[in-house]
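**Q** here's my sequence, what's the structure:
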Amino acid sequence: MALKRRRAKVGAALIIVAFGAVLLSLTFTSQYTGYVLGTVVVTAIAILSLNLLMGYAGQVSLGQAAFVGIGAFGAAQFATWNVPFPLTIVLGALLAALIAAIVGLPSLRIRGLQVAATTLAFGAVAEYFLFARPWTTNAGQVTVTRPHIVTTDKAVLLTGLIGLLIILIIDRQIRHSRVGRAFFSVRDREDTAAARGVKVGQTKVQAYAFSGFYAGVAGGLFAYLLQTVSPPSFTVFTSLGYVAAVVIGGLGSWSGAIVSGAIFASISQLLSGIATYVPIIEASLLTLTPVLRPEGLGFILNRSILIPLPAVRGEKSDELELSKAIELIAPPKRALSLSVPTRSLLIAKDVGVRFGGLVALHDVSMEVRRGEIVGLIGPNGAGKSTFFNAVGGFVKPNTGSIHYRGKDLLALPTHARAGLGIARTFQQVGLSGPQTVWENMMFAQHQLAIGYGLTSALLSTPNMRTVEKELQMRARAALEVIGLTDYTDERVLNLSHGNQRLAEVAAALATGPELLMLDEPFAGVGPEESEQLAQRLTELREELDLTILVIEHDVPLVASLCSYIYCFAEGGMLAEGSPDEVQNNQDVISIYIGEPIEKEAALA
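**A** Next up, the predicted model:
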């Protein structure tokens, strides 16, 4: 955490120095140099727009130049209507954001290559029809008259620098707020994002809108820089060049995106002899980067500039006592009106799930009483995780009902269930591997950050800072409770599988759940660590009045941990009862554990 703060400060210092150097150079540079630098700035903003969409939110756009063009043509049109500068750029950017959000709507239903094809098609339509405007006499070309305050290329460059600075500030606020964390969560795994309370569809559209706004700003500045806007400036191949720059710079790295964009823009403007080979250079680097250095230029910049700085360790007074940590991760107050208080937290009746002709669950009824640790055992394919997914909203039961604290869960979307106090882990670790443990802890608390909205995030209001501080305290407390404070700044993919499991449990605890659903939390964890985790969960049940439903294959461990056990087999309920009752049940012994030795001998 301390190292990250040092990196952020150095990054801000470098930006200030770079802007200062460019501003100072304006006194000595020619108008042509001002034009070249203006082109670099415009390209940087355009690539930042795609970096937000692809690097942050994991969405694809092969028609990004179309949004730049919409901003350019929009600003030019508003200028002809005598809208004052720079309001023309803002309105053009808002228009681009609106159209980008509309273009992003198909991503609610389709993914990957299909989304890429959709955006590519939009880019082609924009290039050959919207921008060309065959119904006009000037073949889509529009002339822009500069206002008296930006009559020179240097003045436009200065305006562009201000625009780039504003975009960087907005980008920074997004990255370090619940908005950006929602983007990253959707990028990595949509199911875990939804389980944490993220509205996946809304988040995708929001990412397209922000990306379109950035691109629209770039387009508006481009219009005033060139003073002539025409379709050839916004081709599909320009969009592919933006994609190459983002990948080469490093997905999600704003510094890498700016540097790679600046390099290619400078080559095109200053080295006319090789400018025609820029697409070939981009294609070659686009092919080599994922193989040689997947993190891109951003990784190289971080290693060469930011890493050597020493980290400042927190003072001893900053360390949390265990009792204080447990108090901090206590379940928050949640608005849930109940007509009658219920003793059972979760009640499932006759739940059935079918996938075509495959019956995954049939006639499953179970009850999880408040304050208990309930085990769910059974062989692979018995339907245990399917039941978890039915509770979480990832599969819709064909029959039956599921109620939590008297509320019908099947009537609620997936993201809304997290806000009721349900947290879960996944069979495959539901954390973002490239992100640090700390970042994952913050991702997990999305549904607790509802205390501020988009405007507060962008303006960094006192309320937003207060909420973020509370989330950080909860994250620290959860790591302290599970014992992972030494791995705070470690990337999850660098952890052992056992520690990844523990980190996921810590992330779930940070949300302050009342029902904690653990899907094989002991898988990959050593025997000693498993016993410690089991003991910790038992203590947390008492200290936090926590209710736990756990899937596990280690029957002796489940028997020592749980007060009640359900056993699934072939999608149905095989047995239920106390640990002793289930362990001595002949059906459980024969189907799950194995045939008794005496019976095997008799059959021999």
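**Q** you'd agree residue 116 is up against residue 59?
**A** No - the pair residue 116 and residue 59 fails to qualify as a contact (Cβ atoms under 8 Å) at a distance of 9.5 Å. Glycine gets a C-beta too; all of them are placed from N, C-alpha and C.
**Q** who's more crowded, the two?
**A** Taking other Cβ atoms under 10 Å, residue 116 and residue 59 do not tie; residue 59 has more neighbours (26 against 17).
**Q** can you classify the more buried one by secondary structure?
**A** At residue 59, secondary structure determined by DSSP: H, G, I helix; E, B strand; the rest coil is coil.
**Q** list the buried residues in the helix or strand hosting residue 173.
**A** Counting by DSSP states H and E, the element that carries residue 173 is helix 153-175. Along helix 153-175, the positions that meet the burial threshold by neighbour count (16 or more other Cβ atoms under 10 Å) are 153-161, 163-164, 167-168, 170-175.
**Q** the helix or strand just after that helix - what's its average pLDDT?
**A** Later in the chain than helix 153-175, the nearest helix or strand by DSSP H and E is helix 178-188. Across helix 178-188, the average pLDDT comes to 90.
**Q** just stretch 330-350 next, same as before
**A** 69.
**Q** stretch 453-463 now?
**A** Across stretch 453-463, the per-residue pLDDT values average to 87.
**Q** same deal with stretch 245-258?
**A** Mean per-residue pLDDT for stretch 245-258: 82.
**Q** domains of the protein?
**A** Taking automatic domain parsing as the reference, the chain has its domains at 2-236, 344-432+501-603.
**Q** output these as JSON lines; include the columns distance to residue 484.
**A** As requested, the domains of the chain are arranged in JSON lines below (distance: least, Cβ to Cβ, whole Å):
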{"stretch": "domain 2-236", "distance to residue 484": "17"}
{"stretch": "domain 344-432+501-603", "distance to residue 484": "6"}
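**Q** thinking again about what came up before, output the contacting helices and strands for the helix holding residue 173.
**A** Helix 153-175 makes packing contacts with helix 2-25, helix 31-50, helix 200-226, helix 454-459 when contacts are defined by 3 or more Cβ pairs under 8 Å, 6 or more residues apart in numbering; DSSP states H and E.
**Q** from the domains of the chain, which stretch is densest packed?
**A** Per residue and on average, the most neighbours among the domains of the chain fall to domain 2-236, with a mean of 20 (mean count of other Cβ atoms under 10 Å).
**Q** run the chain-centre distance for it.
**A** Distance of domain 2-236 from its chain centroid, counting by Cα atoms, centre = their mean, to the nearest Å, is 20 Å.
**Q** now do stretch 373-385
**A** For stretch 373-385 - counting by Cα atoms, centre = their mean - the centre lies 29 Å from the chain centre.
**Q** just stretch 504-524 next, same as before
**A** Chain-centre distance of stretch 504-524: 19 Å, with Cα atoms, centre = their mean.
**Q** also stretch 446-459?
**A** Centre to centre, stretch against its chain (Cα atoms, centre = their mean), the figure for stretch 446-459 is 15 Å.
**Q** what of stretch 410-430?
**A** 16 Å.
**Q** where exactly do the strands run in the stretch 401-550 of the chain?
**A** Along the stretch 401-550 of the chain, counting by DSSP state E, counting those that start in this stretch, strands occupy 407-408, 422-424, 515-519, 547-551.
**Q** quick one: low-confidence parts of the stretch 301-450 of the chain?
**A** Per-residue confidence of the stretch 301-450 of the chain (counting by pLDDT under 70) places the weak regions at 301-324, 333-342.
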